[in-house]
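Trainee: pasted the sequence and its predicted model underneath.
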Amino acid sequence: MKKMTVLISTLALALSLSATGFAADTIKLGVAGPHSGDLAPYGIPAMKAAQLVVKQVNAKGGVLGKQVELLIQDDQCKPEIATNTATKLVSDGADVVLGHICSGATKAALGIYKDAKIPVMSPSATNPALTQSGDYPNFFRTIASDDIQAKLAVEFAINQLGIEKVAVLHDKGDYGKGFADFAKKYLDQSDKIEVVLFEGVTPGAMDYSSIVQKVRRNKAQALIFGGYHPEASKLVSQMARKRVKAIFISDDGVKDDSFLKVAGDAADGAYVTGPRDLSTIPLNAAATAEFKAEYGAEPGAFFQEGYAAALALLNGIEKAGSTDYDAVTKALRSEYVETPVGKVKFDSRGDAEGVGFSMYKVENGAFTELK
Amino acid sequence: MDYFLELFFGGLTRGSIYALIALGYTMVYGIIQLINFAHGEIYMIGAFVALIVAGVCTIYGLSGVAILILAGAVAIVYAAAYGYTLEKIAYRPLRGSPRLSPLISAIGMSIFLQNYVLLVQTADYLPFPRLIPDFAFMEPVAHIIGSPELVILVTTVVTMILLTLLIKKTRVGKGMRATQQDMNMARLVGVNVDRVISMTFIIGSALAAIAGVLVASYIGQVNFYIGFLAGVKAFTAAVLGGIGSIPGAVLGGLVLGWAESFSAGYISSDYEDVFTFGLLVLILILRPSGILGKVTKQKV
């Protein structure tokens, strides 16, 4: 009897040995981001999202019949560390990489993955150039780039509102001026619309009557404003007072309840861009519930996007039928996947289609999402 | 032409608000040679008090103009009390000490009052009700000068006439003028200098409160920080007109308002402040004591 036990345990041991020996044939999902340091709160939710997804996928039998293995590396959001992280992931044999989190670190690491022919998907790097420069065909992201709001606002003004003359104002800050600069870039590309005024206003100034009069004088049919809600409320109130009829279009910094409260009636009819309402997406609720069950807390920043990226990458491999670079990138660009940020596929530059921002209209003192 | 008038009245409105606040700076400076940096905060407190009173009055269903007058009156009393207390606890104990000490005390009070309002109220922008109704007779010209601007201009003019009468015709005014000329001599002939200084703070604060209420109901928002920028601009106006001079403060305010309005309107609002402060530098180079400032000889 004792011999029997020894035999069985030896066999079991041999079996487990062969299983580890066989482990070379797993799908390796690299995860890179800040997992320590002051920016860790931006990286850890995406890492946990990947862990949850992998756990689920493996429980269902893995991808292409293979188990998924996670390779987790910390880059602290620092470009100089990110290059080491990338080299490590490449030498460990990662098939695809979820990361990096910060735009700077992502940019530093991308070249290394590109040379190694590894598809990379970031849940959070929003720098427009990462996809738009065309330098990184291996790069994808599940978050909208910084300029997408401006693009949305401009396209809305041209196509939905039929505006021909527009004034662009900003609050001279990084965020507001950035938005206004992108808006101007897209406006200049179109020959259907003319920018009649492009200026900065002083935040906190006593009143904006001169600039409002200037909007009227230049016969602008719409005013695109980059900035935050205090200046926006002041602008719309003064336009109402001065009987200036231009349609007010602005950004996420204005999509705040304070804008509705402070501007009151004057805000009615204004348009603002804001993140898409994710609450109606079933997978989002499921992923959040899963996180809460596992960790007993709210998920944190970029959890949905990280979850979406992990799902999209594994789905890409599944649909491609292999981990071959060309097949996977082609699958990512052609196959839709259900994720917590909606049903997505990626465009030729690597940006997720249909992700990110919607246009909201202020109606009866509330923001209404326009589909 | 319409555009010119629009900018003209926009600048006039803004300038008259600057003038109201600048009067407080200039009166205090004229008497005790102190730049009361906490003056902008008194303006902000005036606006906040008016907001609270307006909120209560709205519950009782009063009409817009009635609320405006009532809220304004309470704000004036409150702000005057703040001004009086400010002088009593922050400046009077330092009288006779080097000139820098009360100045630092003033900056301290400014920071204190800002943070006090931040803590007891909120850091958010609060909506201020539109208490000034749109008068029907103003409608044809509403795009050039609206009802709120009209109310602001009329109130400012009336306030300034009252102030002039107060200074020229009353005993208090006589005491103020005497103290301004020579504090020790005034004391010798029986002027209660401490009372005169208190009165100066009370009047200056009341003017700031009026400006605060007018601006808040014109712009429609208040925040604990609004006093800082308004204070800086009004101080600039006071220096521009000649600090210590009452007509100078009014003129300085108007010049500053027009400079901002026209430079934003005809050149670019990007450089609004550049032109405004450029003008200040230019005037101070040509007339170091301001447009209407008296050239005082240094007494040895």
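Mentor: Great, that's in hand.

Trainee: what's residue B:221 in contact with, if anything?
Mentor: For residue B:221, the contacting residues are A:230, A:233, A:234, A:237, A:262, B:125, B:126, B:127, B:128, by Cβ atoms under 8 Å, 6 or more residues apart in numbering or on different chains. C-beta here means a position set from N, CA and C on the backbone, and glycine is covered the same way.

Trainee: oh, I was asking about residue A:322
Mentor: A:64, A:328.

Trainee: just residue B:237 next, same as before
Mentor: Contacts of residue B:237 (Cβ under 8 Å, 6+ apart): B:15, B:18, B:19, B:21, B:22, B:249, B:252, B:253, B:255, B:256.

Trainee: please go through these and note which also touch chain A.
Mentor: residue B:18 (Cβ under 8 Å from any Cβ of the partner chain).

Trainee: now intersect the contacts of residue B:237 with the helices, please.
Mentor: B:15, B:18, B:19, B:21, B:22, B:249, B:252, B:253, B:255, B:256 (DSSP state H).

Trainee: nearest to chain A, of those residues?
Mentor: Closest approach to chain A among the ones in helices among the contacts of residue B:237 (Cβ to the nearest Cβ): residue B:18, at 7.9 Å.

Trainee: tally of neighbours for that closest one?
Mentor: Number of residues near residue B:18 (other Cβ atoms under 10 Å in any protein chain shown) recorded here: 30.

Trainee: list the contacts for it?
Mentor: Counting by Cβ under 8 Å, 6+ apart, residue B:18 has contacts A:206, B:230, B:233, B:234, B:237, B:252, B:253, B:254, B:256, B:257.

Trainee: give me the nearest residue to it, chain neighbours excluded.
Mentor: Among residues not flanking residue B:18 along the chain, residue B:253 sits closest, at 3.7 Å (Cβ to Cβ, 6 or more residues apart in numbering or on different chains).

Trainee: where do the helices sit along the stretch 201-300 of chain B?
Mentor: Read by DSSP state H, counting those that start in this stretch, the stretch 201-300 of chain B holds these helices, from start to end of the chain: B:226-241, B:246-262, B:272-286.

Trainee: quick one, the second one and helix B:226-241 angle?
Mentor: Inter-element angle recorded for helix B:246-262 and helix B:226-241: 110 degrees (by axes from the mean of the first three to the mean of the last three Cα atoms, to 10 degrees).

Trainee: what's the average pLDDT for helix B:246-262?
Mentor: The average pLDDT for helix B:246-262 rounds to 94.

Trainee: swap in the last one?
Mentor: Average pLDDT, helix B:272-286: 89.

Trainee: name the residues that touch it?
Mentor: A:202, A:205, A:210, B:236, B:239-240, B:255-256, B:259-260, B:263-264, B:267, B:290-291.

Trainee: at 6 Å what do you get?
Mentor: Around helix B:272-286, the neighbours that count as contacts under Cβ atoms under 6 Å, 6 or more residues apart in numbering or on different chains are A:202, B:236, B:240, B:259, B:260, B:263, B:264.

Trainee: residues from the stretch 101-250 of chain B in reach of chain A?
Mentor: Contact residues, the stretch 101-250 of chain B versus chain A (Cβ under 6 Å from any Cβ of the partner chain): B:125, B:127, B:142, B:143, B:146, B:219, B:220, B:221, B:229.

Trainee: buried ones in stretch A:330-342, by neighbour count?
Mentor: A:331, A:332, A:333, A:335, A:337, A:339, A:340, A:341, A:342 (16 or more other Cβ atoms under 10 Å in any protein chain shown).

Trainee: which ones among those residues lie within strands?
Mentor: Counted as lying in strands by DSSP state E, out of the buried residues of stretch A:330-342, are A:337, A:339, A:342.

Trainee: which among those gets closest to residue B:62?
Mentor: residue A:342 (50.5 Å; Cβ to Cβ).

Trainee: give me the beta-bridge partners of the closest one?
Mentor: Residue A:342 has these beta-bridge partners by DSSP bridges: residue A:339.

Trainee: before we move on, what about residue A:70?
Mentor: Residues in beta-bridge contact with residue A:70 (DSSP bridges): residue A:29.

Trainee: distance of it from residue B:217?
Mentor: 60 Å (Cβ to Cβ, to the nearest Å).

Trainee: equivalent analysis for residue B:122, please.
Mentor: 19 Å.

Trainee: those two - which one has more neighbours?
Mentor: The neighbour count for residue B:122 versus residue B:217, taken as other Cβ under 10 Å, is higher for residue B:217 (26 against 11).

Trainee: list the residues that contact the more buried one.
Mentor: Residues in contact with residue B:217, defined by Cβ under 6 Å, 6+ apart, are B:128, B:131, B:132.

Trainee: just give the closest residue to it, not the sequence neighbours.
Mentor: residue B:131 (4.4 Å).

Trainee: mind checking the SS state of the one you found?
Mentor: Here residue B:131 is coil, with the state taken from DSSP: H, G, I helix; E, B strand; the rest coil.

Trainee: neighbours of it, how many?
Mentor: By other Cβ under 10 Å, neighbour count at residue B:131 equals 27.

Trainee: that one against residue B:64, yeah?
Mentor: Yes. Under the criterion of Cβ atoms under 6 Å, residue B:131 lies in contact with residue B:64, with a separation of 4.8 Å.

Trainee: where along the stretch 201-350 of chain A do the strands fall?
Mentor: Taking DSSP state E, counting those that start in this stretch to define them, one finds strands in the stretch 201-350 of chain A at A:222-226, A:247-250, A:271-275, A:337-339, A:342-344.

Trainee: in TSV: these, plus mean pLDDT.
Mentor: Below are these laid out as TSV (pLDDT from 0 to 100):
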stretch	mean pLDDT
strand A:222-226	95
strand A:247-250	96
strand A:271-275	91
strand A:337-339	92
strand A:342-344	89
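
Trainee: okay, these, which one's buried deepest?
Mentor: strand A:222-226 (a mean of 28; mean count of other Cβ atoms under 10 Å in any protein chain shown).

Trainee: tell me, what's the model's pLDDT at residue B:75?
Mentor: pLDDT at residue B:75 comes out at 96.

Trainee: which residues touch it?
Mentor: B:46, B:49, B:50, B:209, B:213.

Trainee: could you turn the buried ones of the residues you listed into a PyMOL selection?
Mentor: The buried residues among these can be selected in PyMOL (16+ other Cβ under 10 Å) with this line:
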select buried, chain B and resi 46+49+50+209+213
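
Trainee: residue A:165: how many residues sit nearby?
Mentor: Residue A:165 - counted by other Cβ under 10 Å - has 15 other residues nearby.

Trainee: do you know how far it is from residue B:185?
Mentor: 66 Å.

Trainee: and the strands in the stretch 1-150 of chain A, which stretches?
Mentor: A:27-33, A:68-74, A:96-98, A:120-122, A:139-141.

Trainee: pipe these into CSV and attach mean pLDDT, distance to residue B:150 and mean neighbour count per row.
Mentor: Formatted as CSV, the strands of the stretch 1-150 of chain A follow (pLDDT from 0 to 100; distance: least, Cβ to Cβ, whole Å; neighbours: other Cβ atoms under 10 Å in any protein chain shown):
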stretch, mean pLDDT, distance to residue B:150, mean neighbour count
strand A:27-33, 95, 59, 27
strand A:68-74, 95, 64, 19
strand A:96-98, 96, 62, 29
strand A:120-122, 95, 56, 30
strand A:139-141, 94, 54, 26
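
Trainee: can you report how many residues lie near residue A:365?
Mentor: 13.

Trainee: before we move on, back to that, dump the residues of the stretch 101-250 of chain B next to chain A to CSV, plus distance to residue A:93 and pLDDT.
Mentor: Shown next, in CSV, are those (distance: Cβ to Cβ, whole Å; pLDDT from 0 to 100):
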residue, distance to residue A:93, pLDDT
B:125, 54, 89
B:127, 59, 92
B:142, 72, 84
B:143, 70, 84
B:146, 71, 88
B:219, 62, 90
B:220, 62, 89
B:221, 58, 91
B:229, 59, 88
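
Trainee: which one of these is nearest to residue B:57?
Mentor: Distances from residue B:57 to those, taken by Cβ to Cβ, are shortest for residue B:127, at 15.2 Å.
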